[in-house]
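Asks: Fold the following.
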Amino acid sequence: MKKLLLLSILFIVGCDKYAPTDHTHTDGIAVTDTLYVYDTLIVNYDTTIFVIDTVYINSIDCDGVEGGTAELDNCNVCDTDKTNDCVPDCEGVWGGDAHIDECGVCAGDGFSNGYYCRDLNVLQDFNDLNANLSGQPLEIGSQNWTDGRLDSLDLSGIGLTSIPQSIGNLNSLVWLMLYDNQLTSIPESIGDLSSLEVLTLWENQLTSIPDRIGDLSSLEVLTLSANQLTSIPDRIGDLSHLEVLNLYDNQLTSIPQSIGDLNSLFLLVLSDNQLTSLPESLCSIYSNLTVFNINTNFLCGELPSCLIDVNIGEQDCP
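Replies: Got it, this is the predicted structure:
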């Protein structure tokens with residue numbers, strides 16, 4: 001708060017004798033009768049005394065409030081919140097909207113030599129996470145680009161051990177082939193691949209699938225054979241466009257009821273697992289299946305009603 005110090009003169013005229021009263025001035029000196037204040041001059045008609053007084057006047061802020069603390073920021077916004085003060089953009093314009101793009105260029109369009117830098121950065125993340133990879137991002141695996149965006153990526157059989165979280169940034173990706181590697185997990189961010197239609201992950205070392213697999217709204221083909229899966233998430237039933245689901249050669253002990261929601265499915269392979277039962281909901285889609293294989297499990301008890309008269313192949317029954 002700003003303060004202005006003024007000198008106030010107390011000019012008292014009149015009698016020769018000073019007589020104290022009950023009126024006490026702010027500096028502790030007693031004066032007689034009533035004091036009449038005219039601006040900064042204080043006058044009493046009984047005697048003559050000069051007093052230096054201190055007057056404090058509060059400043060007025062940008063909102064017109066006396067003693068207020070609101071201030072104008074560099075974008076001429078008046079308020080008391082310093083956390084929302086505008087900042088200069090990358091071009092030095094206060095409150096401007098220019099920003100540094102994924103290529104590190106101020107006010108750039110995100111592309112470098114015709115390639116979208118965010119997609120290139122994901123490929124670089126694959127390089128950084130997997131010690132056996134080297135070279136430039138455009139040299140990794142087999143790639144297809146359309147209008148500067150990566151829409152097909154084949155990283156099969158190159159010894160991958162990790163998938164970067166940034167994989168979810170590849171929102172134009174349609175084909176993703178990661179089979180025949182050494183992957184043990186899949187990041188949840190894979191659920192951000194809204195354009196993905198084909199995902200192949202067979203012959204890895206996966207023990208689980210993230211729930212967000214159910215967010216792959218465009219997915220048509222999912223192959224997860226020859227892994228170490230013991231279960232698949234209920235959200236598998238959210239894949240309304242899924243046509244092919246291959247879970248051959250895992251360690252599955254059960255299949256979720258939501259399997260019956262896969263109305264577009266025509267191929268379902270569950271052979272060579274440890275299944276002891278199947279959900280009745282399977283019958284909701286059974287008539288749509290042109291390929292259905294449940295050989296080599298432990299299906300020795302009661303079966304879904306639609307399979308009672310069906311040859312379910314060899315089972316490991318005692």
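
Asks: Please count neighbours and contacts with C-alpha atoms only from this point.
Replies: OK.

Asks: Quickly list the domain ranges of the chain.
Replies: 3-78, 136-307 (automatic domain parsing).

Asks: from the chain's centre, how far out does the last one sit?
Replies: Taking C-alpha atoms, centre = their mean, to the nearest Å, the mean C-alpha location of domain 136-307 is offset from the chain mean by 25 Å.

Asks: re earlier: comparing the domains of the chain, which comes out most buried?
Replies: Ranked by average neighbour count under the criterion mean count of other C-alpha atoms under 10 Å, the domains of the chain are headed by domain 136-307 at a mean of 18.

Asks: can you give me the end-to-end distance of that one?
Replies: Taking C-alpha to C-alpha, to the nearest Å, the first and last residues of domain 136-307 lie 53 Å apart.

Asks: Please apply the same query to stretch 276-291.
Replies: End-to-end distance (C-alpha to C-alpha), stretch 276-291: 20 Å.

Asks: Let me know the secondary structure of the residue most central in space within the chain.
Replies: The chain has Ser189 as the residue nearest its centroid, 10.0 Å off, counting by C-alpha atoms, centre = their mean. Local secondary structure at Ser189 is given as helix here, using DSSP: H, G, I helix; E, B strand; the rest coil.

Asks: now the one 5 residues further on
Replies: Going by three-state DSSP, the secondary structure assigned to Ser194 is coil.

Asks: Return the residues in contact with it.
Replies: Ser194 sits next to 171-172, 215-218 when contact means C-alpha atoms under 8 Å, 6 or more residues apart in numbering.

Asks: repeat for Pro187
Replies: Counting by C-alpha under 8 Å, 6+ apart, Pro187 makes contact with 163-165, 210.

Asks: quick check: mean pLDDT across stretch 236-256?
Replies: What stretch 236-256 shows for mean pLDDT is 97.

Asks: Out of the domains of the chain, which is closest to Glu102?
Replies: Between Glu102 and those, the tightest spacing by C-alpha to C-alpha is seen for domain 136-307, at 11.6 Å.

Asks: what about the closest residue to Leu196 other than its chain neighbours, distance to Cys283?
Replies: Of all residues not flanking Leu196 in the chain, Val174 sits nearest, at 4.1 Å (C-alpha to C-alpha, 6 or more residues apart in numbering). Val174 sits 31 Å away from Cys283 when distances are taken as C-alpha to C-alpha.

Asks: And Asp97, by the same measure?
Replies: Look at Asp97 and Cys283: by C-alpha to C-alpha, they are 56 Å apart.

Asks: go on, Ile213?
Replies: Ile213 sits 23 Å away from Cys283, taking C-alpha to C-alpha as the criterion.

Asks: swap in Leu201?
Replies: Distance from Leu201 to Cys283, counting by C-alpha to C-alpha: 27 Å.

Asks: For the nearest residue to Ser112 once chain neighbours are set aside, list the residues it contacts.
Replies: With sequence-adjacent residues excluded and distances taken as C-alpha to C-alpha, 6+ apart, Ser112 is closest to Cys103, at 6.7 Å. The neighbourhood of Cys103, defined by C-alpha under 8 Å, 6+ apart, consists of 110-112, 117-118.

Asks: Who are the contact partners of the spatially closest residue to Thr290 that is not a sequence neighbour?
Replies: The spatially closest residue to Thr290, leaving aside those adjacent along the chain, is Phe266, at 5.4 Å (C-alpha to C-alpha, 6+ apart). The contact partners of Phe266, taken as C-alpha under 8 Å, 6+ apart, are 243-244, 288-291.

Asks: Check Leu267 too.
Replies: Neighbour list for Leu267: 243-246, 289-292 [criterion: C-alpha under 8 Å, 6+ apart].

Asks: if we look at the sheet, which residues does it bridge to?
Replies: Legend: beta-bridge partners of Leu267 under DSSP bridges are Val244, Val291.

Asks: need the contact list for Glu188.
Replies: When contacts are counted by C-alpha under 8 Å, 6+ apart, Glu188 is found next to 165, 210-213.
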